[in-house]
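# A predicted structure for the sequence below; I have some questions about it.
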Amino acid sequence: MNSKIWHLAAFGVLAVGAGIGVDVANATPDKGLALSPSPNATDQLNSTQFQSDQTSADLAQLLLAQDPQEAANIQVYERVSPAVVSIDTKAANGSGTIITSDGMVLTNAHVVSEGGEVTVKLADGKEVIADVIAFGEDGLDLAVIKIRNVNNLPTVKIANPGSVKVGQRAFAIGNPFGQFQGTLTVGIISRIDQERNLLQTDAAINPGNSGGPLLNSNGELIGVNTAIFTRGRSGGNIGIGFAIAVDKIPPFLQAVKEGRAPTVARSSRPMAFTSENAKSLELDGPEIAGRLENGDPILPVDNSHYDIYAFEGKAGQQVMIEMTSREIDSYLILLDAEGGELAQDDDGGGENDAKIVVTLPQDGTYTFLANSYDAGELGGYQLRLRTAALRQQPPTSRPTPTGVLLQQQGSLDTNDAVLPMDGSLYDEYSFEGQAGQSVVIRLESQEFDPYVALFSPNGRLVAENDDVSRIDKNAAITVTLPMTGTYRVVVNAYDSTGRGQYLLTVR
């Protein structure tokens, strides 16, 4: 499957948690942290000068650089990296920039909006606790957190608004994939989207970079990394990343300083994608005909046209959406009840037809886009929305072992669903879990290379695994559940050749 959705560059929300453009990329929870900033927490927001002194060793290293560009890379990294942190809330992982010496950190709202204790890892490896102070308004994906009981921290200077030019060099520092803190990547500013206040860059931005700084050659912050455009659900960088432009940052920080910024995360889903603007469909209703034409809404990420539909769904219900056409290359994008990406498909229905089969994570109104793969495609299509039978655990003559939440013998065969991205077969199962509960999921087979993935009640990828070890080719996940609800386990083969019997155990 060729995936063309925006992906948040935040570890732990990528696979099924991205949205359509930056404004809808984050599902906002019902509750957020509501912490009021103390006077001491905000009195240094205007003090954003970074420490630029170089030691003699630093200067020697610069002199050894082979060219001016290499010297600039080293200088920017040495100046800024001490003020770039990793942020972990257990629900998400991202990066941030220290902007005041007493511990104010600028990051993305989607990194810290799901609640939970915020742990900040400084550049020297020390871990400290932070409080969420404020969020951006009207879909602005920014937040400020305050590290507790610190002072004299290194900071990063914020560049002047309007100073960014297409073609200038750009530097990104962050914690890609939540594992490589302090990673520097270099590129240029490829485009400036004035309408959405976004900077497009080819500096590599990957999951875990969300909230980290995009910098100019002087080590000044010119943007906050927030999203990537990628083809393929693996979420890797293909040279198209986006950062919130510096023009939006000073007004936000001023609102934080004056206590006007929201202290609770607010939905960033734009009206263009709300169910009120969608055509209502009923599950198992008649097939309907539609048409993409000039004048229809345009998907910002690739300028393709789309129509939007909505339907009511229940948690645990498995649905199938099919889009067929002889005139366009069909593309489907399904959003969950909170506006986050739940699934998407290009050619899962064969030829140029799209098909999504998914288990709904919660009760609510779901929306989906009937879209085309490329910009400018116009033509008619047919839509069918129906329930699909969820594979149930058959009765067993023996009791389930103590501590086992789910135990299922099954097989991957030609009648199973196909993962469009690689043609591999998969089955789905579900179990009820509690927040804070530790579970072990093991998928065993002697006939194919198992691959297992776990999705949370809100449809986001919790964990996935291929091989337990170099010797043990079975798949296993050990994880602490982040919330209470119905979890989905996807039993999958590593590649399209995988078929045969398996045993799935959740305990």
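Sure thing, it's come through. Numbers count the residues shown, from 1 in each chain.

# Quick one: list the elements packing against the top helix by length along the chain.
Once the chain is assigned using DSSP state H, the helix that runs over the most residues is helix 68-80. With contacts defined as 3 or more CB pairs under 8 Å, 6 or more residues apart in numbering; DSSP states H and E, the secondary structure elements packing on helix 68-80 are helix 56-64, strand 169-174, strand 183-193, strand 213-215. The C-beta positions use only the backbone N, C-alpha and C, and glycine is treated the same way.

# strands paired with the last one, and their directions?
Applying DSSP bridges, strand 213-215 is found paired with strand 169-174 (antiparallel), strand 221-229 (antiparallel).

# Only alpha carbons, please: show the first one as PDB.
Included here for strand 169-174 are C-alpha records, laid out as PDB according to Å, rounded to 0.1, in the frame of the first residue of the first chain:
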ATOM      1  CA  ARG A 169      20.200  25.600   5.200                       C
ATOM      2  CA  ALA A 170      18.100  23.900   7.900                       C
ATOM      3  CA  PHE A 171      19.300  21.800  10.800                       C
ATOM      4  CA  ALA A 172      17.100  19.400  12.800                       C
ATOM      5  CA  ILE A 173      18.100  18.000  16.200                       C
ATOM      6  CA  GLY A 174      16.000  15.400  18.100                       C
END
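
# which stretches of the stretch 351-500 of the chain have low pLDDT?
Counting by pLDDT under 70, the ranges of the stretch 351-500 of the chain that qualify are 389-402, 420-421, 458.

# run the last query once more with 90
For the stretch 351-500 of the chain, applying pLDDT under 90 flags the ranges 351-352, 356-365, 373-376, 387-409, 413-428, 430-439, 453-473, 476, 478-488, 493-498.

# can you pull out the strands in it?
Per DSSP state E, counting those that start in this stretch, the stretch 351-500 of the chain carries strands over the ranges 354-359, 364-372, 379-387, 406-412, 417-419, 424-433, 438-444, 450-455, 461-465, 475-480, 485-493, 500-506.

# Out of the ones you listed, which is closest to Val166?
strand 364-372 (28.3 Å; CB to CB).

# Give me the helices and strands touching the closest one, please.
Helices and strands in packing contact with strand 364-372 are listed as strand 288-292, strand 304-313, strand 330-335; criterion 3+ CB pairs under 8 Å, 6+ apart.

# Tabulate these (a markdown table), appending mean neighbour count and distance to Val84.
Listed next are the helices and strands packed on strand 364-372 as a markdown table, based on neighbours: other CB atoms under 10 Å; distance: least, CB to CB, whole Å:
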| stretch | mean neighbour count | distance to Val84 |
| --- | --- | --- |
| strand 288-292 | 15 | 43 |
| strand 304-313 | 20 | 35 |
| strand 330-335 | 26 | 32 |
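
# quick one: least confident helix or strand in the chain?
One helix or strand of the chain scores below all others by mean pLDDT, DSSP states H and E: helix 14-17, with a mean of 28.

# picking that back up, packed most tightly, which of the strands paired with strand 213-215 would that be?
Mean neighbour count (mean count of other CB atoms under 10 Å) peaks for strand 221-229 among the strands paired with strand 213-215, with a mean of 28.

# average pLDDT across that one?
When pLDDT is averaged along strand 221-229, the result is 85.

# Am I right that Asp466 is in contact with Ala475?
Yes - because the distance of 5.9 Å satisfies CB atoms under 8 Å, Asp466 is recorded as touching Ala475.

# any residues in contact with both of these two?
Between them, Asp466 and Ala475 share these contacting residues under CB atoms under 8 Å, 6 or more residues apart in numbering: 450-451.

# ok, back up a step: please render the strands paired with strand 213-215 as TSV that adds distance to Phe311 to the earlier fields.
Converted to TSV, the strands paired with strand 213-215 look like this (distance: least, CB to CB, whole Å):
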stretch	distance to Phe311
strand 169-174	38
strand 221-229	27
